[in-house]
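Undergrad: Model the structure of this input:
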Amino acid sequence: MTNRLVLIIAFASTVFAPTAHAQEPVSESQAVIAEVMLTDGVLTEDLHRRFWDAQRRLAPPGQEQEAATAMLKNLMIAQEYQHEMWQSIRDSFNRQQPVRSDRLDEIRSMLASEFERSLPWPEGSPDYIAAMSAYQTGLRDSDANLEVLLAAAAAHESVITDTGETIDLSLESIDAVLAGQEAAFERLERLFDPVWAGAADQE
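TA: Below you'll find the predicted structure:
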């Protein structure tokens, strides 16, 4: 399983983190989260430090943990969404027609409100507007990417990335993503602990 296949579905994790792109600390936090959540990603002490340095620059003094907890809640929803997404892709491959689980659509319907509640800025503020706009754009892109993946899996066809690279979808590659999700979210939980506890999985 390579990072290249994971990169075409990275939207499933990053769309859940606040994305006020005008704010550098948010972009730094999001970049670290995306790296940690790759199927074959790692969590190092440097990544942990970068994430929490960004959180301290972003959140009001003394509220870094509260802001991180809200972000983690969204990302744990992402954990379930990713699982349902890739299980639907696997089912689509086996049934040779696009299949979406009921739970996948249920989670999708509540994403916007969950994301909005996680934002640390007042409604209507420039940061709030920028974050919601970036989020809605990312969510639309994620919906389109998911439809492509479901159709490709159902047809046993390859997927063409934004860079023009062709990647084959197979049961082996789909199962590799499913198998890697648990480890990825274990790393995520360690990332959101403000105290570095070391590389538990010997990364």
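Undergrad: Return the longest helix in this protein, judged by number of residues.
TA: Longest helix of the chain, by residue count under DSSP state H: helix 64-95.
Undergrad: Can you point out the buried residues in that helix?
TA: Using 16 or more other C-beta atoms under 10 Å as the test for burial, helix 64-95 gives 64, 67-68, 70-72, 74-75, 77-79, 81-93. Heads up, the C-betas are built off the backbone N, CA and C, glycines and all.
Undergrad: what number of residues lie near the closest residue to Tyr81 other than its chain neighbours?
TA: Of all residues not flanking Tyr81 in the chain, Ile107 sits nearest, at 4.8 Å (C-beta to C-beta, 6 or more residues apart in numbering). The tally of other residues near Ile107 (other C-beta atoms under 10 Å) stands at 19.
Undergrad: same thing with Ala155?
TA: With other C-beta under 10 Å as criterion, Ala155 counts 14.
Undergrad: and it, how far is that from Val148?
TA: 11 Å (C-beta to C-beta, to the nearest Å).
Undergrad: who's in contact with the helix or strand that contains Gln181?
TA: Using DSSP states H and E, Gln181 sits within helix 171-191. With C-beta atoms under 8 Å, 6 or more residues apart in numbering as the test, helix 171-191 has contacts from 1, 5-6, 9, 32-33, 36-43, 47-48, 51, 72, 75-76, 79, 82-83, 86-87, 89-90, 93-94, 153, 167, 197, 200-201.
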